[in-house]
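Q: Pasting the sequence and the predicted coordinates here, then a few questions.
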Amino acid sequence: MRLRVDFSPLETLVRTMGAGRSVWRLDAAGLSGRERTLAELAEGKEIHADEVSSRGGLLEHEGEQVLLYIKDTRATRETLLNEPENTRRFHVAECNTLDQMRRGGRFQRYHVTRRFDGKFRCAWIDPDTKQSGEEDAELKVCKNCLEFIGWKEYKSRDHDQSAWENFDIAEFLRSCEPVFYAQPERNESNTITPGYVNDWWRISAAYREARGWRCEECNVDLSQDHGLLHAHHIDGNRDNNRHNNLRALCVLCHSKQPMHQHMKVNTKERIKIEGLRIMQGSKPHN
């Protein structure tokens, strides 16, 4: 005989209490501290204001880059799933909106996550039937955040909103990895490398643009793929942003610099750059 158990009353009570999801799993005992943190962030985690900081203007929690969002959207299920532009936005940087939320004492309403698939675990409610529930839904990024970090030269007042409309979380998180110096083997005993200055995004973009969006090592033209071109600090000092201490490097050349073994270039990016090198007749220097 198969037993059928309805847990919906319990789930309603859990939401009413504001309890978070447990990320416990059978193999959790062997996880490192960082692996446990990433597992929690993959599920979504409720935080307090003092648990979020910034590095180079980007949001950080326990040494990891995170996305911030309000789980309780107060939207209907239909709006949440079909009209994400009409509900809550998620945040990637220390923008004016977050500053206002802090001042208004509403910052504790946020959750943090680090999902690459563009989905957020959100709560919905039907104002007519009073039914409620949770769904994995897509949200739109905060425009103030994109303007704050200068993502693809985005300006909220511009007619062209493609950088906002086509914002890709996976692309964004990968492009920010150098800022966080995220070594896979990092754990609680490792010292976290100090971050960049607050306007690093603007400094980096200005330098790379001045170099024609070309890698100064292999000369590949990445003017159509800005995220694949980084600004590298020659002396390793992230406070030294003079142009004679910077080099524009594609992610492949950047990953080969001394003390950059932590940088991982995925297969898609590698194929893209190597393909452009062949098409453009550029090649890495020996």
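A: Structure received.
Q: which secondary structure elements does the longest helix anywhere in the chain contact?
A: Longest among the helix segments of the chain by residue count, using DSSP state H, is helix 267-280. Judged by 3 or more Cβ pairs under 8 Å, 6 or more residues apart in numbering; DSSP states H and E, helix 267-280 is in contact with helix 251-255. C-beta: built from backbone N, CA, C; applies to glycine.
Q: Determine how far the helix it packs on lies from the middle of the whole chain.
A: Taking Cα atoms, centre = their mean, to the nearest Å, one finds helix 251-255 lying 20 Å from the centre of the chain it belongs to.
Q: what comes up buried for that helix?
A: If you call a residue buried by 16 or more other Cβ atoms under 10 Å, then helix 251-255 has these buried ones: Val251, Leu252, Cys253, His254, Ser255.
Q: can you check stretch 48-68 too?
A: Neighbour-count burial for stretch 48-68 [16+ other Cβ under 10 Å]: 51-52, 55-68.
Q: most centrally placed residue in the protein?
A: The C-alpha lying nearest the average C-alpha coordinate of the chain belongs to Leu173 (Cα atoms, centre = their mean; 4.0 Å).
Q: Let's test this: mean pLDDT of the host helix or strand of that residue, rounded?
A: In this structure, Leu173 is located in helix 169-175 according to DSSP states H and E. Mean per-residue pLDDT for helix 169-175: 83.
Q: all numbers from here: first residue = 399
A: Got it, first residue is 399 now, which makes that one helix 567-573.
Q: In strands, which of the buried residues of stretch 446-466 appear?
A: Using DSSP state E, the subset of those located in strands is Arg453, Leu456, Leu457, Glu458, His459, Glu462, Gln463, Leu465, Leu466.
Q: Pick out whichever of the residues you listed sits closest to Asn642.
A: Arg453 (24.6 Å; Cβ to Cβ).
Q: What pLDDT does the model give the closest one?
A: We have a pLDDT of 73 for Arg453.
Q: swap in Val412?
A: Confidence score, pLDDT, at Val412: 65.
Q: circling back: could you single out the nearest of the buried residues of stretch 446-466 to Glu492?
A: For those, the nearest to Glu492 is Gly455 (5.6 Å; Cβ to Cβ).
Q: State the distance from the closest one to Cys574.
A: Plainly put, Gly455 is 10 Å away from Cys574 if you go by Cβ to Cβ, to the nearest Å.
Q: if I read this right, Leu650 contacts Arg668, doesn't it?
A: Yes: counting by Cβ atoms under 8 Å, Leu650 does reach Arg668; the two are 6.5 Å apart.
Q: in this protein, what spans have low per-residue confidence?
A: Scanning the chain for pLDDT under 70 picks out the ranges 399-410, 412-431, 454, 505-506, 575-596, 659-660, 681-684.
Q: how's it carved up into domains?
A: 429-581, 595-684 (automatic domain parsing).
Q: Need the ones you listed in a markdown table (columns: distance to Leu411).
A: Converted to a markdown table, these look like this (distance: least, Cβ to Cβ, whole Å):
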| stretch | distance to Leu411 |
| --- | --- |
| domain 429-581 | 12 |
| domain 595-684 | 42 |
